[in-house]
Structures are given as structure tokens and as C-alpha cells.
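A.B. asks: sequence and computational prediction follow.
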There are 2 protein chains.
Amino acid sequence: MERLIAHPGRLSIAYFLVLICLSTALLMLPASSRSHTFTDFNTAFFTAVSALSTCGIAIVNTADFWTYFGQAVILVSIQMGGLGVMTFASLITMTISRRIRISQKLLAADELGASKLSEVQSVITVVLVCTFSVEAIAFFMLLPALLRLNEGNIINSLWEAVFFSVASYNNAGFTPDSAGLYVNSWGVGLPILLSAFVGTLGFPVILNIVRATRRHDGPRHWNLHTKITVVTTLGLVTSSLVWFLLVEWNNRTLFWNSDISSKLWHALVAAVMPRSAGFDISWMPHVTEQTKLFMSMIMFIGGGSASTAGGIRVTTFATLILVCRASFMRRKDDAVFGKRLHTQTAIMAIAITATCGTLIYVASLILLTITQRSLTDILFECCSAFGLGGYTLGIADPSNPATLYVLAALMFVGRLGPMTVAYAISKPQPPQAVRYPAESIIVG
Amino acid sequence: MERLIAHPGRLSIAYFLVLICLSTALLMLPASSRSHTFTDFNTAFFTAVSALSTCGIAIVNTADFWTYFGQAVILVSIQMGGLGVMTFASLITMTISRRIRISQKLLAADELGASKLSEVQSVITVVLVCTFSVEAIAFFMLLPALLRLNEGNIINSLWEAVFFSVASYNNAGFTPDSAGLYVNSWGVGLPILLSAFVGTLGFPVILNIVRATRRHDGPRHWNLHTKITVVTTLGLVTSSLVWFLLVEWNNRTLFWNSDISSKLWHALVAAVMPRSAGFDISWMPHVTEQTKLFMSMIMFIGGGSASTAGGIRVTTFATLILVCRASFMRRKDDAVFGKRLHTQTAIMAIAITATCGTLIYVASLILLTITQRSLTDILFECCSAFGLGGYTLGIADPSNPATLYVLAALMFVGRLGPMTVAYAISKPQPPQAVRYPAESIIVG
Ligand SMILES: [K+]
Ligand SMILES: [K+]
């Protein structure tokens, strides 16, 4: 047990692989499908990966294709995916930040990566309490509106409230109503939006804010990670909001109701959701090419670290911006909020961004080869899969199974993060006996 | 004079702006155009920027549209652009590497950026000698084949030999023969290819190799910059070669002659030229979408530092790879060839790549909005302009002048490099009195 915990990266890969097998097998059963026949492997596998990674790209209509049993499998998968991610991400983070602290103090390398069992238990407890609290709040906020929309059908309303509250906090855009438009009513839309927003911040941020608030401390007392995550997230949401209002103002599919408050609401949904949900996707294929490219970037950036959102994470993006600013201003330190970042944080941010960029690039090359779709659509779908956005333009095509596997691979890496995968397969190096001399080269 | 030299970045911007004005004015004159009328500003301006930046995207046929006088203006522009870039890049590099050495030794900041006049004179001398030597060699290699192709027309052959030798070393793909296919004959193609290849390595690399060879020292004694540039360049050329042979094997426009040695030759031309020339562009619009995306990346990476090629430069790309490798292997240092890189080199590489990536992204968004072209075409053209590749798919469209200005801006920044622009407009910061405490954040 101690040995397993010492490698949270490997443990998380194993966790997801086992759950993908299990969930695929259950979804293939006749009990899961409304047609009462075996579902083909590709569809079941892709749906399982999409649910467990909390991505939410659906290749069949969730409410029409799957029975309540099938939907329950999807729901449990989403929940297990979300819980798993938050737990493992926290453990890996503890390992890495311990590693950074050790390398700063030049301690021995064999102290790396050893979390204590008691620490693990307390992490799991906090994750569980945090998750179920937010979901419970969302559940009770959703119930009245759903009862009204379902005209008093209590069973249906309860089911949908459970489904929406789990799916929204975990940012998986599977939706139990087949038209997929409940999210457009205020009573359902607002709790979903809030819960999804909280979900994208990430568990360490929620915890930090809750603790600070309990101590009656204001935002000034939040830690650096929380400050950077909140500011960057709000910045991204605001720029998306402005983008949608400016570029898509005359889009009749997105803004089919022309009064201004309705337009604002839909732009807000469109701005919050790509980071990362995807409940209402009816308007998506009708946006302009430049909006697709814009949203690709927003989804590539994704949400907070150790959150149910994907992408390279907002803190990675913020680190890059800080590094660029310091470099261009010829400052020695990338300082922000009266603190500076560790050099190793910057280096890790680059490694993550470069690897993920390469991944999207290679996946796009493959999809350009095996489909006839345009690069904007392909880039959008790749970023949606990797960033766990949950939007689809139909590149994920059951009649062309290769596309499903490319996208499933993106979801898997997007879910675990490239660092987790790399750390799981690489061995910690012994401390280098010789440090090579430095030499300048010319870049740029 | 000393004050100007202390700011080589500002000096180089001024140099290029003055030459752009001059060259545009001369190209607008009736003497420059075969129609003997004034050429419109947009065409003259774009051609001037394209020549001075040694990019080589032509919106009119060089041999058919311009008189010998106009061609001479273009030729001198290319030569002045190439010489300017190599000189200024060397001066800026000296300033920056002095700055790195100073910051390592924590010397005073007011010693920054002050090159001595004598140093500047010796840099200019070496650049001139180096340039004219390579060009003279190319000239004498080209002459016999051109005499044969021109059936003994000596004046024409001499002119074309001068034009090709200057254009190829400076990597500007303007071509004095209107069909643009001389490059496909061995006698003309091989000297051009070699000269363009030498040009992309960059002046510091050429100098280092020449000096090492004079001392009878092998590659092991080259400096780190030379080793990284040569290895990365060869790696990129090889992967392009393999790509073209694999993906475009059945492309009848590129490989219209089906015998294997001819296919190899054309694949080699296609592999060397995007980094960066563009003499024969007839086959370019007929490649597959995935080849366009592949070549976009190759052109984005570009050539060597302080060379006539553009892009983020191969050393920047290599630095990113080394940083990623070190990060994934959990090594402290990004060591290569028995040396490690300065952290500041890595930070600068990130700043350059992130800025250039953002630039291409924004330019693509604008071009997606103002044209009806696909993202692959737009990305290709943007990378060709920024990477000074010289290929065009016709996005640069005189009937839509906005496209010309977007691409000209990309060429300008691609030519000067984002660091030059940033350094020219920013002030060196005084050494920070307080160093903020470091705090870990979670990335990825
Ligand atoms: K999602
Ligand atoms: K060129």
C-alpha cells in the first residue's frame, strides 16, 4: 500500500484503466440500452472514456439511447472520474511540491514521492466532503425548477436533479433531457452554471477559499495558487463573454431571442461552459470559424489544477504569461501578488504546454488524414476532447472508429495530465554527480 | 554614435523602417514597372517589405512585372535586409549574452548593452566578408549552368547568376526567371540549395565552423550554439524529407517525373526550401492539407539565429525540447553535448515561442475574419510570412489590401524577432531592491 501511494501517477493510471474496462463492459450490456441489445464496443468504450474523463462528448443521445441503468452507469462513472481526479491530482501535487521543496534545500532524492497513508486518507476525506457538499447544494437549488419543468413528475425530477448536480460539478456535459435545453431556463441554468464554475476552480482552490472564509479572511489572505486561479479564470470568462457579444451578436442560433438580457445570459453560458461542460450544444455548429478558433484556445487552456476541468490548466497559462512579462520587461523575477514563482514551476509549465501542444498538433494531423473535415473543426474537436470541454462538431463519428480512438486518447491524457503520464513511466534520476558547465546559446 | 550602438534593437528597427520607405518609393516609380506607369502603394510596399525581410512572397511575377531597375531595387533590398539582419542580430546577441554573463556575476546593470564602436566595426567587416564570399562561390557555381540554359546569352546569365546567388544566400525566394523552374535543373538547383542551406545556419555558425576548420578542429570543438543549430537543422530537414517521401509520394504536381532519383531530388528541395526560400512554388497549392499543417510548423520553427531565415529559430525549438526532456526525466539540468543551458536561455526561449505563437494565432483570427479561406491555408501563409518562408497560397491578395498589411506586419516581426521589438520599446529595469519570497503553485 505504501509502495502504491509512493507512485500516485501510476496508481491513477491504473484506477482509470480499470474503471474504463468496467464501465465499458456495463454499457455494452443489453440492460444499458433502450433497444435491449448489446451495444457495440466502440460506442460503449467511447462513452465510458468520455464519462470517466468527465469530458462529456456524447456520440449517442444520452436520454434516448441509454436506459436508466445505462444512465446510472454513466453517472457513477462521472462521479468516480471526478473524485479520482481530485484525489490523485492532490496526491501528485503534494509529491511534486515536496520534490520542489527538497530540490531547493538539496535534500536526498530518495525522500521523493513518499506520501504517508494518513495524509492520503485525509485528502480523500476532504475531497469527498467537498464534492458532496457542492453537489448537495446544487441538487436542492435545481429541484424546484425541475419539478416545475417536469410538471410535478417527482421521480423524473429527482433523477434529473441528481444527474445535473453530479454532471455539472464534475463538468461532464451529459444531459438527461434529450432536447438538452433545460439549461436555458434560469432556474436550472443558474445552479448548473455556478456549480460548473466552482468545479472548474479545482478542489485546492475551493478548500483554500472555504478555510479563509471560515477564518473571516478576505481574498488578500488567499494563497498564491488560489489568487492566480481565480483571477485567470475570471479573465478568461470575461474575454469569452466579450468575444461572444462582439463576434456572435447577430448569430440567430445562439441568440435566438433578440432581447438584450437573454443575449447576455446566453453569452454568459457560452463563456462559462467551454471551461468545461457542454450541456447545450445545439448552437455550436453554427458559430463562425473565428469563434471556433477562439474557443479552441479557451478549451486548450481549460480549468483549474486538480479540478474536474481539463486542458493545460489556468495556472500553467498564467505562469507562461508571467514568464513572458518578466522576460520582456527584463525583470529577473516573474513576480505577482508580492510573490515570485519557483523556476521549476516555470519549467514545468513549459514542459506541459509544449507537450500538450504537440499532442493536439499530432492528433490534428491524424484527423486531417482520416477525415475530410476542415482544420478549424478538427482543432475545435481535439481541444474539446483534450480540454474536456464536451462540445462536438461531429468529428467523433461512430462510422469512422479511428476518430473515436484518437479523441479517446486525447481525453485520457487530458484527464491525467501529461506530467502524470510522464512521471508514471519515468524513474526519478539519482542526483547528478557532475554538474555540466553552462554555455550560452543564441535563441530567437 | 555610442548611444545608438547601445540600443542595437532600436537601431535595427530604424534601419528597416527607413529602407522600407526608400524601397517602396523606388518601386512605385514608373522606371520600376514594365508598364511604365506608377505602381500602386500596396503592391510596392508589400514587395519592399517582402524583399527587405528576405521573405520572398511575391504578389506579382518578379520577372514579368518589374524592369531590370525594379529587379535591381529588389535585389539591393534583399542584400541590405540580409546584411542588416546578420549585423544587428550579432550586436543584439552580444548585448544579451553580456547581460546574461553580468546577471550571473551580479554586476551593475548600467554596464548593460554598451557595445564598443570597434566591436561593431569588426562585426560588420566579418559579416560583409562572410556574405560576399558565400555569394561569390554561389555565383561561380551557377554561371555555367545558366549560360547553358540561356543558350549563351551572357548579359542575361550574369544577371540571373547575381540575382540567384544573392537571393539564395539571403533566403529570399524572388526568382528572375518568370516560369520559376530553373531550380529544377541540377546545375542551378544544387548551388541554390547549398547556398540557401548555409544561409539558414546563420552567420555565427558559419563563422564558428570556418574558424574551427582553419584550426583543423573537428565538429567536437564547435561551440554549443553551432552544435545545436546544425543537429536541429539536419533533424528538421531529414524529417521533412521523410514526410514528403511518405505523404506526398503520389503527388503528381510535386513529383511529376516518376523515376526515383528525381523524386528524391524534389523531396530534398521541398525539405530544404521551406527553411526558408521559396523559389519554385508551382507545386505548393497542390499538397495535402496535412502537409500544409506540417510545413506550417517547419516554417514556424524557421532557421538559425542571426541568419537570413526567420521563425522562432531552431535553437529556440531545441531549447524547448531540452527543457521538456529534463522536466520529464526529472533531471535538474537540461544538459546536452556535455554542457547545460542557462536558465535565462530557457526563459527567453519560452517568451519568444509564446509571443510568436500568440502573434500567429491573432493574425489567423484576423485573416479568418477578413477572408473566406480555410484555416490550413491561412496558417500556412501566416507561418510562411512570419517564418520568412516565401511560399504563398494566395492569401496575400492585392484585391484585399488588409491581408497584405497583416502579412507585412508578420514579416516585420519575423525579421526583427519579438525580443528585438520588446527590447527596443522596454527600458532596462533597475536591479530590484526587494526580492519577493517564492511560493509554489500547482500547474498542469
Ligand atoms: K466537460
Ligand atoms: K524566404
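C.D. replies: Sure, I can see it. Ligands and ions are numbered 1, 2, ... in the order given.

A.B. asks: chain A: strands as residue ranges?
C.D. replies: Along chain A, counting by DSSP state E, strands occupy A:335-336, A:339-340.

A.B. asks: between these, which gets the lowest average pLDDT?
C.D. replies: Mean pLDDT is lowest for strand A:335-336 among those, at a mean of 62.

A.B. asks: what's the closest residue to A:Leu29 other than its chain neighbours in contact with, if anything?
C.D. replies: Nearest residue to A:Leu29, sequence neighbours excluded (Cβ to Cβ, 6 or more residues apart in numbering or on different chains): A:Phe38, at 7.2 Å. For the C-beta atoms, the positions are set from N, CA and C on the backbone; glycine is no exception. Going by Cβ atoms under 8 Å, 6 or more residues apart in numbering or on different chains, A:Phe38 touches A:28-30.

A.B. asks: so how do I select the buried members of these in ChimeraX?
C.D. replies: Remark: buried members of the contacts of A:Phe38, expressed as a ChimeraX selection using 16 or more other Cβ atoms under 10 Å in any protein chain shown:
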select /A:28,29
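
A.B. asks: between the contacts of A:Phe38, which sits nearest ligand 1?
C.D. replies: When those are compared for distance to ligand 1 (Cβ to the ion), A:Met28 wins out at 23.2 Å.

A.B. asks: surely that closest one and A:Thr39 touch.
C.D. replies: Yes. Contact criterion Cβ atoms under 8 Å: A:Met28 and A:Thr39 qualify, at 5.1 Å.

A.B. asks: interface residues of the stretch 1-150 of chain A facing ligand 1?
C.D. replies: A:Gly56 (Cβ under 5 Å from the ion).

A.B. asks: mind listing the helices for the stretch 1-150 of chain A?
C.D. replies: A:2-5, A:8-28, A:41-52, A:62-65, A:68-105, A:117-149 (DSSP state H, counting those that start in this stretch).

A.B. asks: and among those helices, the most buried is which?
C.D. replies: Counting by mean count of other Cβ atoms under 10 Å in any protein chain shown, helix A:41-52 has the highest mean neighbour count of those, with a mean of 25.

A.B. asks: what number of residues lie near the residue in the stretch 301-444 of chain A positioned nearest to ligand 1?
C.D. replies: In the stretch 301-444 of chain A, the residue that lies nearest ligand 1 is A:Gly390 (3.3 Å; Cβ to the ion). A:Gly390: 29 surrounding residues under other Cβ atoms under 10 Å in any protein chain shown.

A.B. asks: any low-confidence regions in chain A?
C.D. replies: Chain A contains residues with pLDDT under 70 at A:1-8, A:93-120, A:152, A:173-185, A:250-258, A:274-285, A:330-340, A:418-419, A:421-444.

A.B. asks: what residue is smack in the middle of it?
C.D. replies: A:Ala309 (1.6 Å; Cα atoms, centre = their mean).

A.B. asks: for A:Thr47, see how far away the closest residue to that one other than its chain neighbours is.
C.D. replies: Closest residue to A:Ala309 in three dimensions, ignoring its sequence neighbours and counting by Cβ to Cβ, 6+ apart: A:Gly303, at 2.4 Å. For A:Gly303, the distance to A:Thr47 (Cβ to Cβ, to the nearest Å) stands at 22 Å.

A.B. asks: and A:Gly187, by the same measure?
C.D. replies: Distance, A:Gly187 to A:Thr47, using Cβ to Cβ: 29 Å.

A.B. asks: just A:Thr54 next, same as before
C.D. replies: 13 Å.

A.B. asks: next: A:Thr213.
C.D. replies: According to Cβ to Cβ, A:Thr213 and A:Thr47 sit 38 Å apart.

A.B. asks: in contact with the residue lying closest to A:Met141 once chain neighbours are set aside, which residues?
C.D. replies: Distances taken as Cβ to Cβ, 6+ apart place A:Pro191 nearest to A:Met141, at 3.8 Å, with adjacent residues excluded. The contact partners of A:Pro191, taken as Cβ under 8 Å, 6+ apart, are A:138, A:141-142, A:145, A:164-165, A:168.

A.B. asks: need these in CSV (columns: distance to A:His266).
C.D. replies: Below are the contacts of A:Pro191 laid out as CSV (distance: Cβ to Cβ, whole Å):
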residue, distance to A:His266
A:Ala138, 21
A:Met141, 20
A:Leu142, 19
A:Ala145, 18
A:Phe164, 18
A:Ser165, 22
A:Ser168, 17
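
A.B. asks: pull the most distant pair out of these.
C.D. replies: Of all pairs drawn from the contacts of A:Pro191, the greatest distance, 13.3 Å, lies between A:Ala145 and A:Ser168 (Cβ to Cβ).
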